[in-house]
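A.B. asks: Sequence first, then the predicted structure, then my questions.
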Amino acid sequence: METLLIIGILVLIAWVAGVQIKKWRRKQFLIRKYRSEAVAEAIMGQKVWQGMSSEQLIDALGRPVDIDETIYKTKRKEVWKYGQTGKNRYRQRVTLENGEVVGWHNQ
């Protein structure tokens, strides 16, 4: 019985260590990619901010469930939708103009 408990604890420790290593590697990748520890931390925390690029948004929240796109003469406006909760209902909508976040709405 004690042996099984010890094995279970060791497996749990190995799993936690693996998760931490994976997070550390992702953060290091993001720091190299964006040349900023602050940006990497914000992305890891799944934060959204004005001026964020579409690539940074994908790194932070993943690909959207749906995108509404409108093309005007001088700009391209997109609304990226995340976390579908019902028909045309989403937990979060992020508005981008010309590939840059200009606003968002959480429900």
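C.D. replies: Yep, it's here. Note that this is a predicted model, so its numbers are computed, not measured.

A.B. asks: Would you state the helices of this protein in chain order?
C.D. replies: Secondary structure of the chain, counting by DSSP state H: helices at 2-34, 37-44, 54-61.

A.B. asks: Go through the ones you listed and pick out the most buried.
C.D. replies: The highest mean neighbour count among the helices of the chain belongs to helix 54-61 (a mean of 18), with neighbours defined as mean count of other CB atoms under 10 Å. For the C-beta atoms, the positions are set from N, CA and C on the backbone; glycine is no exception.

A.B. asks: Mind splitting the protein into its structural domains?
C.D. replies: 1-45, 49-107 (automatic domain parsing).

A.B. asks: so can I have a markdown table of these showing mean pLDDT?
C.D. replies: What follows is these, written out as a markdown table (pLDDT from 0 to 100):
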| stretch | mean pLDDT |
| --- | --- |
| domain 1-45 | 94 |
| domain 49-107 | 97 |
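
A.B. asks: Okay, buried residues for the longest strand anywhere in the chain please.
C.D. replies: Ranked by number of residues, the top strand in the chain under DSSP state E is strand 76-86. Residues of strand 76-86 classed as buried under the neighbour-count rule (16 or more other CB atoms under 10 Å) are Glu78, Val79, Trp80, Lys81, Tyr82.

A.B. asks: ok, of those, which one's closest to Gln92?
C.D. replies: Top of the list for closeness to Gln92, among the buried residues of strand 76-86 and by CB to CB, is Tyr82 at 4.4 Å.

A.B. asks: Please name the residues that touch the closest one.
C.D. replies: Contacts for Tyr82 (CB atoms under 8 Å, 6 or more residues apart in numbering) come out as Leu61, Gly62, Pro64, Val65, Tyr90, Arg91, Gln92, Arg93, Val94.

A.B. asks: out of these, which are inside strands?
C.D. replies: Secondary structure assignment (DSSP E) places Tyr90, Arg91, Gln92, Arg93, Val94 from those within strands.

A.B. asks: Return the member of the residues you listed nearest to Leu30.
C.D. replies: Minimum distance to Leu30 across these is 18.7 Å, recorded for Val94 (CB to CB).

A.B. asks: The closest one and Gly83 touch, don't they?
C.D. replies: No - checked against CB atoms under 8 Å, the pair Val94 and Gly83 is beyond contact range at 11.2 Å.
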